[in-house]
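Asks: using only what follows, build the 3D model:
(2 chains)
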Amino acid sequence: MKLTKAQIKYIDNYLKNKGIVFWDVRLEMVDHLVSDMESYEDSADFDSRFKQSLINANWPNTLKKVNQEHHKATNKIYRAKLWKEMLYILKTPLYLISLIVVYFALRKIALYDVDVFKFTFVAICCFILVTMIIEIIRIKVKKIGKSINLQYGSFYFSFGSLMINLPIYLMPKDSQFLWFPLIICFYILMTTAGYRVYRTALKKVLKIKHASF
Amino acid sequence: MYICFNNHVMSNSKLYKGSLSTIILKLLEEEGKMYGYQISQKVKALTKGEFHITEGALYPALHKLEAEGLLDVEIAKVDNRMRKYYKLTEQGAKESANKLSELAQYINTMQSLLNPKLA
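Replies: Predicted structure coming up:
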């Protein structure tokens, strides 16, 4: 018995109400339950079959754990991508040379004009912030919904911004002109890698969305 | 995580964890691309119902293999819903061969230990 669109929607809503808030996590679970239900050839009603399929998957009791497992696995995927992207940037001559040039330029500015250096640092941070805001608006306009892939992609995009405070706090005050440019370069590296990870996540999510039409 | 074997729930052990990844990689090597439910049913069919991978074991294993870069994912629309297919990456194909070889070696070693006369 093939399930109707309304019945599949019911299953999706059930999982959503039970805490599986990300649609790209529910996607696989819905398919599993529906496949199991459709494999039966008896004349049982939808509710009985649905309850049985949930029991077969042991999901009534373990949905919280399933959700946590998805978070862990997705976090691992995107964390690995972040390090991969950082290595890629460092191994690409154009990017590496650009970072070195930026470092020495910032160091020179820091040595000769502290105000210009501070302005440059604020300008870099604002540029990154504006990019993040534009991407948030873009996601809202595209009505992508709550996606676990996009959640972690966005997190690693902002990872550099979250990490920058500690090194600034810890750097030796007497050699700021040496350390601050280095920290900024690391911030640029991490944020650029994070942006590439975010773009990968967005591409993946849009591909799924287009496949659903 | 439990893998059911003939209705007896066996305790979690490194052997079964390793075997599950190998089973998944081997099936995907043979079939090309499969979805989660299909994998569990295939294992059940091949072992004539003796061996049943629970969903609590299967999906975390699939996601772990995906996180490790051994599996790639493809989403397709099937009968009013979306379906996630898994297939081997290039790295996954190499790893599948390595894991099968490891498992074969393990079985030989265990046979030598447990049945020295036959070895």
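Asks: the helices in chain B, which residues?
Replies: B:14-31, B:36-46, B:55-67, B:90-114 (DSSP state H).
Asks: surely residue A:36 meets residue B:36?
Replies: No - applying Cβ atoms under 8 Å as the test, residue A:36 and residue B:36 come out as separate, 10.6 Å apart. No exception for glycine: its C-beta is placed from N, CA and C like everyone else's.
Asks: those two - which one has more neighbours?
Replies: Using other Cβ atoms under 10 Å in any protein chain shown, the more surrounded residue of residue A:36 and residue B:36 is residue B:36, with 24 against 20.
Asks: report the contact partners of the more buried one.
Replies: By Cβ atoms under 8 Å, 6 or more residues apart in numbering or on different chains, the contact set of residue B:36 is A:28, A:31-32, B:55, B:58-59, B:62, B:84, B:86.
Asks: could you check the pLDDT of the nearest residue to residue A:44 once chain neighbours are set aside?
Replies: Of all residues beyond its chain neighbours, the one nearest residue A:44 is residue A:52 (7.7 Å), with distances taken as Cβ to Cβ, 6 or more residues apart in numbering or on different chains. In this model, residue A:52 is scored at 90, pLDDT.
Asks: ok, back up a step: for the contacts of residue B:36, work out which two are farthest apart.
Replies: Across the contacts of residue B:36, the longest distance by Cβ to Cβ is 14.5 Å; it joins B:55 and B:86.
Asks: so for the two, which sits in the more crowded spot?
Replies: residue B:86 (24 against 20).
Asks: and the one helix or strand residue A:11 maps to, anywhere near chain B?
Replies: Using DSSP states H and E, residue A:11 sits within helix A:5-17. Yes - using Cβ under 8 Å from any Cβ of the partner chain, helix A:5-17 reaches chain B at A:5, A:8.
Asks: quick revisit: save the contacts of residue B:36 as CSV, and put in distance to residue A:206 and pLDDT too.
Replies: Below are those laid out as CSV (distance: Cβ to Cβ, whole Å; pLDDT from 0 to 100):
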residue, distance to residue A:206, pLDDT
A:28, 18, 92
A:31, 20, 95
A:32, 24, 94
B:55, 28, 83
B:58, 27, 89
B:59, 24, 89
B:62, 23, 91
B:84, 16, 93
B:86, 20, 96
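Asks: now, of these, which are buried?
Replies: Taking 16 or more other Cβ atoms under 10 Å in any protein chain shown as the criterion, what is buried in those is A:28, A:31-32, B:55, B:58-59, B:62, B:84, B:86.
Asks: between those, which is nearest residue B:115?
Replies: Looking across the buried ones among the contacts of residue B:36 and measuring by Cβ to Cβ, the closest to residue B:115 is residue B:58, at 32.3 Å.
Asks: and the closest one, what is it in contact with?
Replies: By Cβ under 8 Å, 6+ apart, the residues touching residue B:58 are B:20, B:24, B:36, B:39-40.
Asks: got a list of what residue A:37 touches?
Replies: A:1, A:3, A:46, A:49-50, A:53.
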